[in-house]
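**Q** got a sequence here, can you build the structure:
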Amino acid sequence: MLKFKKLNYITVPRKENDIPEGMWIKCDACGEMLYKEDVIHNHLVCYKCGKYFRLYTKRRLHLVADKHTFEPWDEGLEGKDPLQYPGYPEKIAALKERLKIDEAVTTGRCKIHGEDTVIAICDSRFLMGSMG
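**A** Residues are numbered from 1 along each chain as shown. I've put the predicted structure just below:
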């Protein structure tokens, strides 16, 4: 019969910034810290609890459309503000700059597995999917 002797471990104090930036993400559902590359290889699903992570426009296109086949439609359209919300034009300008998309919905043509397809992708980060 084998008996294992307990080893004495020495803990080394670590600083929070010792962990490289962007390598780990936290699951909102189960709270686990997940290795980002493993989540990406698992199609952006938490491998601990099964929660789906949000897919944004560029990531969705990358996953769905054949490489280099997406042709966007309606780029550069300017929405109106008929209800004249205070600060709305500034919010729209800031979102366009930060997200690098013009609207909540991106439309265009692409190929999926070699088949011609029309695609529309809604990105909730753009005012939770509101359209102008």
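**Q** which residues in this structure form strands?
**A** Along the chain, counting by DSSP state E, strands occupy 24-26, 33-35, 71-73, 105-112, 115-122.
**Q** pipe the ones you listed into TSV and attach mean neighbour count per row.
**A** C-betas here are computed from N, CA, C, even on glycine. Shown next, in TSV, are the strands of the chain (neighbours: other CB atoms under 10 Å):
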stretch	mean neighbour count
strand 24-26	14
strand 33-35	14
strand 71-73	12
strand 105-112	16
strand 115-122	13
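**Q** for L55, which of the ones you listed is the nearest?
**A** strand 115-122 (8.5 Å; CB to CB).
**Q** what's the closest one packed up against?
**A** Applying 3 or more CB pairs under 8 Å, 6 or more residues apart in numbering; DSSP states H and E, we find strand 115-122 packed against helix 57-64, strand 105-112.
**Q** now mean pLDDT and distance to Y35 too, for these, in CSV please.
**A** Output for those, formatted as CSV (pLDDT from 0 to 100; distance: least, CB to CB, whole Å):
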stretch, mean pLDDT, distance to Y35
helix 57-64, 90, 18
strand 105-112, 94, 29
